[in-house]
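J.: fold the following for me, if possible:
(one chain, ligands or ions: 1)
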Amino acid sequence: MTDHGHAERAAPGPVPPAVQRDRWAALLGSGAPVLADGAMGTMLFSSGLQFGDPPEVWNVTQPDVIRRIHRGYRGAGSRIILTNTFGGNRLRLSLHGNESRATELNQMAAILLRAEVDAAGGTALVAGDIGPTGSIMFPMGLLQVDEAVDVFAEQAQALIAGGVDLIWIETMSDLDEIHAAIDGVRRVAPEIPIIATMTFDTRGHTMMGVSPERAVRALIEWGADAIGGNCGNGPDEIIPVIAKMRAAAPDALLVGKSNAGMPELVDMKAVYKAEPAVMADYARDARAAGASIIGACCGSTPAHLSAMAVALGVDRAG
Ligand SMILES: [Zn+2]
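T.: Residues are numbered from 1 along each chain as shown. Got it, this is the predicted structure:
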C-alpha cells in the first residue's frame with residue numbers, strides 16, 4: 001500500500017488489543033451519541049450487484065466500489081463502519097462454492113475499510129461484520145455448537161488480521177448462534193470490543209422467539225460490550241426494542257440499526273421507502289429510548305445517514 005503522507009498511518013495488519021480498547025473508549029466513553037453506518041447491500045445492488053451474487057467477492061473484484069460505499073457513509077458522519085462481510089462465514093459462502101475463501105474475503109474487506117478510514121483521518125472505527133450462518137443450530141437443525149464456534153472464529157481471525165477495531169455480530173435470531181459467535185470471536189481475540197445485535201421482526205421477538213429483555217441480559221452475561229437491535233420492520237419496531245432493553249439493563253450500552261421503514265415486496269424484491277426525514281426522527285427517538293450507537297440497515301443510503309447525523313447533532317467533520 002502506498003503512503004500518501006499521513007504520518008500517523010500504521011502499517012497494514014492487526015490493531016493491537018490495547019489500541020482497540022483505547023479507540024473504543026475514546027469514541028464511546030463520553031456517552032455522546034455515535035452514528036454507525038447504513039446499508040451495504042442496498043448500495044451494492046445500486047452499484048450493479050445482481051441478486052444471487054455473493055457480495056463478499058466484490059471485496060476482491062470491485063474494491064473501489066466497496067471503498068466508495070464506505071467513504072459515502074463516513075462522509076455522512078458515520079463513526080462506526082462495517083466491513084462488507086455480512087455473509088462471509090464459510091457456511092454462508094458455501095452456498096455459492098466460496099467456502100475456501102473465507103480468510104481471503106474477510107481479510108481483504110478489513111484492509112479496504114481500514115485504508116478508507118485511515119485515509120480520512122479522524123476517529124471512525126472499523127467494525128468487522130459477522131452475520132448468521134444461515135444454518136439452524138442443533139437440536140432443531142444440524143449445526144453443532146462446536147462447528148459454529150469454529151466457523152465464527154475463522155471469520156473473526158481474518159477480520160482481525162485485516163485490521164478491524166471491533167467486531168459487530170448482527171441480524172441474529174437464535175441466542176445459541178449469537179452465543180457461538182461471541183465465543184468464536186473471544187477464542188481468537190479475548191479483549192476486542194464486541195457489538196451484538198439481533199433482529200426482533202416477529203411480534204417484538206426474534207424469529208426464534210427471543211424477547212429484547214432476554215437478549216440483553218444474555219448478551220451482557222456473555223460479554224458483549226454493546227447490545228441492541230438491527231434490521232427488521234423499521235423504526236416503529238425497533239424503538240420499543242431499545243426501550244425494553246433499557247428497562248431490563250439500565251447500564252447497558254445500547255444500539256439501534258433500523259431498516260429504512262417496513263419492507264414492501266415489489267417485483268419479488270424487498271424495497272424500503274422511508275425518506276431521510278423519517279430516519280432523522282427515528283434517530284432522535286432511538287436516542288431518547290436509550291441508544292448510544294445509532295445507525296440504519298436495509299434500504300438506507302448516505303442521504304439517510306446525513307439526516308440522522310444532523311438530528312443527533314454529531315460532529316460530521318471529526
Ligand atoms: Zn437490514
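J.: indicate the residue of the stretch 1-150 of the chain located nearest to the ion.
T.: Residue nearest to the ion within the stretch 1-150 of the chain (C-beta to the ion): Ala39, separated by 6.5 Å. Quick note: C-beta positions are derived from backbone N, CA and C, even for glycine.
J.: pretty sure that residue sits against Thr301.
T.: Yes. Counting by C-beta atoms under 8 Å, Ala39 does reach Thr301; the two are 7.1 Å apart.
J.: which of the two has more neighbours?
T.: The neighbour comparison of Ala39 against Thr301 (other C-beta atoms under 10 Å) goes to Ala39, with 27 against 21.
J.: let's see the pLDDT reported for the more buried one.
T.: Model confidence at Ala39, given as pLDDT, is 98.
J.: likewise the one 4 residues further on?
T.: At Met43, the model reports a pLDDT of 96.
J.: can you check the one 3 residues further on too?
T.: In the predicted model, Ser46 carries a pLDDT score of 94.
J.: before we move on, what about the one 5 residues further on?
T.: Per-residue confidence at Phe51 stands at 87 (pLDDT).
J.: neighbours around it, how many?
T.: For Phe51, the tally of surrounding residues (other C-beta under 10 Å) stands at 7.
J.: pretty sure Ser135 contacts Leu143?
T.: Yes. Here Ser135 reaches Leu143: they are 4.1 Å apart, a contact under C-beta under 8 Å.
J.: pull up the overlap in contacts between those two.
T.: Common contacts of Ser135 and Leu143 (C-beta atoms under 8 Å, 6 or more residues apart in numbering): Leu91.
J.: just the buried residues of stretch 72-84, please?
T.: Going by neighbour count (16 or more other C-beta atoms under 10 Å), the buried part of stretch 72-84 is 72-74, 76-84.
J.: what about those residues, which are in helices?
T.: Using DSSP state H, the subset of these located in helices is 72-74, 76.
J.: out of these, who's nearest Asn106?
T.: Distance to Asn106 across those (C-beta to C-beta) is lowest for Tyr73, with 19.3 Å.
J.: how near is the closest residue to that closest one other than its chain neighbours to Gly299?
T.: For Tyr73, ignoring the flanking residues on the chain, the nearest one in space by C-beta to C-beta, 6 or more residues apart in numbering is Asp37 at 3.9 Å. Plainly put, Asp37 is 13 Å away from Gly299 if you go by C-beta to C-beta, to the nearest Å.
J.: can you tell me which residues in the stretch 101-250 of the chain are near the ion?
T.: Proximity of the stretch 101-250 of the chain to the ion, by C-beta under 5 Å from the ion, involves residues Cys231.
J.: quick one on the thing from earlier: hang on, the residue of the stretch 1-150 of the chain closest to the ion in a strand?
T.: No. Applying DSSP: H, G, I helix; E, B strand; the rest coil, one finds Ala39 to be coil, outside a strand.
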